[in-house]
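# Need coordinates for the below:
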Amino acid sequence: QSHGQTFTPDLSESHAFKSFKNENGKGWYIYKRYNDAIVFTFGDWKTGDKYTFKSTSDLDFSDPEYIALQEKAEALREEKARDARLHALSELNKSGQNMMTPYLEKKGFTDTHPTLHQILNHFGEMDLLVPMQDASGEIWNLQRIEPEGTKSFLEGGRTKGLYHLLRPVPESGVIYLVEGLSTGLSVLSLVEDGACAVVAFSATNLLHVAKLLREKHPTHKIIVCADNDHLKDLNVGLKAACDACLAVGAEIIYPPFTIKQPGTDWNDL
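From the prediction side, this is the model:
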């Protein structure tokens with residue numbers, strides 16, 4: 001629950017590898033019981049993250065059965081990631097470009113962007129496709145944005161450390177790092193010509209992408225254009241942006257909403 005999941009695992013066997021699906025997402029879990037103790041690991045297909053719990057510090061992770069379960073989970077994760085990559089490339093190959101979508105119009109844009117793709121959905125409406133690449137430029141997944149703004153990734157596809165370049169990184173200058181696509185497009189309209197904007201797709205992915213960008217571009221200035229989730233008990237956008245900035249020596253800017261304003265990001269501003 002502390003990691004945003006509410007599934008109830010079935011621990012009736014001595015050890016097992018299983019999957020789960022609930023309102024918060026899809027994932028997998030493995031466990032092994034040792035008399036009154038347990039080792040439990042679960043992973044999230046959407047984020048690629050995994051978490052491990054031990055009920056006692058005396059449990060040994062070198063247990064062959066538990067290692068075999070971990071290897072099985074990792075093999076399945078890699079298989080799903082490869083399948084999602086092929087699916088992403090197929091969708092992009094069927095898509096078009098240079099066409100406006102209802103989502104972009106809703107966000108206040110009057111034109112599309114050359115790095116984005118568009119495809120008709122089952123209802124005859126235009127969805128937006130945003131390719132997601134790794135540091136080497138290989139596409140592994142895509143974000144689909146429906147007309148009303150619903151966003152999704154391909155099931156089982158990688159997301160951690162993937163990003164979208166709205167403009168190539170210049171030889172020198174500033175890299176602007178943002179959470180979402182509409183934020184990135186808005187930032188591009190506010191900054192200097194030739195500046196680069198990088199979409200990380202989520203608050204939790206800002207840190208991973210920032211580290212990749214710093215490793216690949218050690219002398220560039222990085223500015224994280226944070227979301228300001230000022231109406232929440234925990235300002236997730238600012239916290240994630242600050243963590244990324246501290247990790248790579250970047251700067252942070254955020255939209256200064258007042259308590260009476262409902263916006264959160266640079267597109268809202």
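
# going forward, measure contacts between C-alpha atoms and count neighbours the same way
Noted.

# Quick check: Cys245 touching Ala226?
No - applying C-alpha atoms under 8 Å as the test, Cys245 and Ala226 come out as separate, 10.3 Å apart.

# what sits in contact with each of the two?
Residues touching both Cys245 and Ala226 by C-alpha atoms under 8 Å, 6 or more residues apart in numbering: Ile252.

# quick one: which of these two has more around it?
Ala226 (28 against 20; other C-alpha atoms under 10 Å).

# Quickly list what Tyr251 is bridged to.
Quick fix: residue 251 is Glu, not Tyr. Ile223 (DSSP bridges).

# Report how many residues lie close to it.
Using other C-alpha under 10 Å, the number of residues around Glu251 comes to 16.

# Provide a list of residues in contact with it.
Neighbouring residues of Glu251 by C-alpha under 8 Å, 6+ apart: Ile222, Ile223, Val224, Cys245.

# Relative to the lengthiest strand in the chain, what are the paired strands and their orientations?
Of all the segments of type strand in the chain, defined by DSSP state E, the longest one is strand 25-34. Its sheet considered, strand 25-34 pairs with strand 15-22 (antiparallel), strand 37-44 (antiparallel) by DSSP bridges.

# And the contacts of Glu251, which is closest to Phe109?
Taking C-alpha to C-alpha as the measure, Phe109 lies nearest Val224 of the contacts of Glu251, at 22.0 Å.

# Quick check: the gap between that closest one and Leu206.
The span separating Val224 from Leu206 equals 9 Å under the rule C-alpha to C-alpha, to the nearest Å.

# what is in contact with those two at once?
Counting by C-alpha under 8 Å, 6+ apart, the common neighbours of Val224 and Leu206 are Leu177, Val178, Ala241, Ala244.

# what about the third one, neighbour count?
Counted with other C-alpha under 10 Å, residues neighbouring Ala241 total 31.

# coming back round to it: which member of the contacts of Glu251 is positioned nearest Lys260?
Nearest to Lys260 among the contacts of Glu251, counting by C-alpha to C-alpha, is Val224 at 24.4 Å.

# any idea how far stretch 104-116 is from the chain center?
Put simply, stretch 104-116 sits 21 Å off its chain's centre (C-alpha atoms, centre = their mean, to the nearest Å).

# Straight-line length of it, end to end?
From its first residue to its last, stretch 104-116 covers 11 Å (C-alpha to C-alpha).

# what do you get for stretch 217-232?
34 Å.

# Show me which residues of it are buried.
By 16 or more other C-alpha atoms under 10 Å, the buried positions in stretch 217-232 come out as His217, His220, Ile222, Ile223, Val224, Cys225, Ala226, Asp227, Asn228, Asp229, His230.

# Among these, name the ones in strands.
Members of these lying in strands (criterion: DSSP E): Ile222, Ile223, Val224, Cys225.
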